[in-house]
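Asker: Fold the following.
(chains A and B)
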Amino acid sequence: GQQLNQSPQSMFIQEGEDVSMNCTSSSIFNTWLWYKQDPGEGPVLLIALYKAGELTSNGRLTAQFGITRKDSFLNISASIPSDVGIYFCAGQSGGSQGNLIFGKGTKLSVKP
Amino acid sequence: GAVVSQHPSRVICKSGTSVKIECRSLDFQATTMFWYRQFPKQSLMLMATSNEGSKATYEQGVEKDKFLINHASLTLSTLTVTSAHPEDSSFYICSANIDYTEAFFGQGTRLTVV
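Answerer: Residues are numbered from 1 along each chain as shown, chains lettered A, B, ... in the order given. From the prediction side, this is the model:
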């Protein structure tokens, strides 16, 4: 079945630093989504990407849909303490009623 | 973004009893709803896909008689954990899609079976 490799697994950074994480897939996706999950909460959608090569920003967040449609990255600029959480990438193949394949998550810790 | 409400957020039940979890899309009609299970420090695992008015599609390894899903309307899906046991303790999360694209998640339900 389809698998997503998300890296890094965890990151410890200083406040103000930029962060980059990425996901790669063994197969093509039609949509890439990036979510953030806080402890005890459901994931919150950060950015949705629909076209290969698409680069989309949401405040300090920027994500790109890889040209091969098998990868995506998420960048966070000038990190702040509230960026702490687990970030998940998710891919959607389109022919499956929209169900998502999730990466294993990147746990981000930010030192003030 | 669209709002998905999940209730209850936490529930503790005795072993052998059943628990119902509700998932509602508050400001949109969801084409499809999904139910996930998440173990500590792990990613979300899809349990089943739910369409209004039809039987849910369960992922391999998920017992359909244990995890009953009812999708009564375009805004409500319920997951009932029947005859719950301690190993069913977990974080259950629903999501709802708009037009098979973006998925919006509920707040999750922490189930503890004692």
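Asker: residue ranges with poor pLDDT in the chain?
Answerer: If you meant another chain, say so; for now it's chain A. Chain A contains residues with pLDDT under 70 at A:1-2, A:94-98.
Asker: think we crossed wires, I meant chain B
Answerer: The low-confidence ranges in chain B, as defined by pLDDT under 70, are B:1, B:99-101.
Asker: in it, which residue is closest to the centre?
Answerer: For chain B, the residue sitting closest to the mean C-alpha position, by C-alpha atoms, centre = their mean, is B:W35 at 3.7 Å.
Asker: so who does the residue lying closest to it once chain neighbours are set aside touch?
Answerer: Closest residue to B:W35 in three dimensions, ignoring its sequence neighbours and counting by C-beta to C-beta, 6 or more residues apart in numbering or on different chains: B:M47, at 4.6 Å. C-beta: built from backbone N, CA, C; applies to glycine. Shown in contact with B:M47 (C-beta atoms under 8 Å, 6 or more residues apart in numbering or on different chains): B:W35, B:Y36, B:R37, B:Y58, B:E59, B:V62, B:F67, B:L79.
Asker: any idea how far B:M47 is from A:W32?
Answerer: 22 Å (C-beta to C-beta, to the nearest Å).
Asker: ok, so of the contacts of B:M47, who is nearest A:P112?
Answerer: B:Y36 (32.5 Å; C-beta to C-beta).
Asker: Tell me how far the closest one lies from B:C94.
Answerer: 7 Å.
Asker: Spell out which parts of chain A neighbour chain B.
Answerer: A:31, A:33, A:35, A:40-45, A:48, A:50, A:88, A:90, A:92, A:94, A:97-100, A:102-105 (C-beta under 8 Å from any C-beta of the partner chain).
Asker: List only those of the residues you listed flagged as buried.
Answerer: A:31, A:33, A:35, A:41-43, A:45, A:48, A:88, A:90, A:92, A:98-100, A:102-105 (16 or more other C-beta atoms under 10 Å in any protein chain shown).
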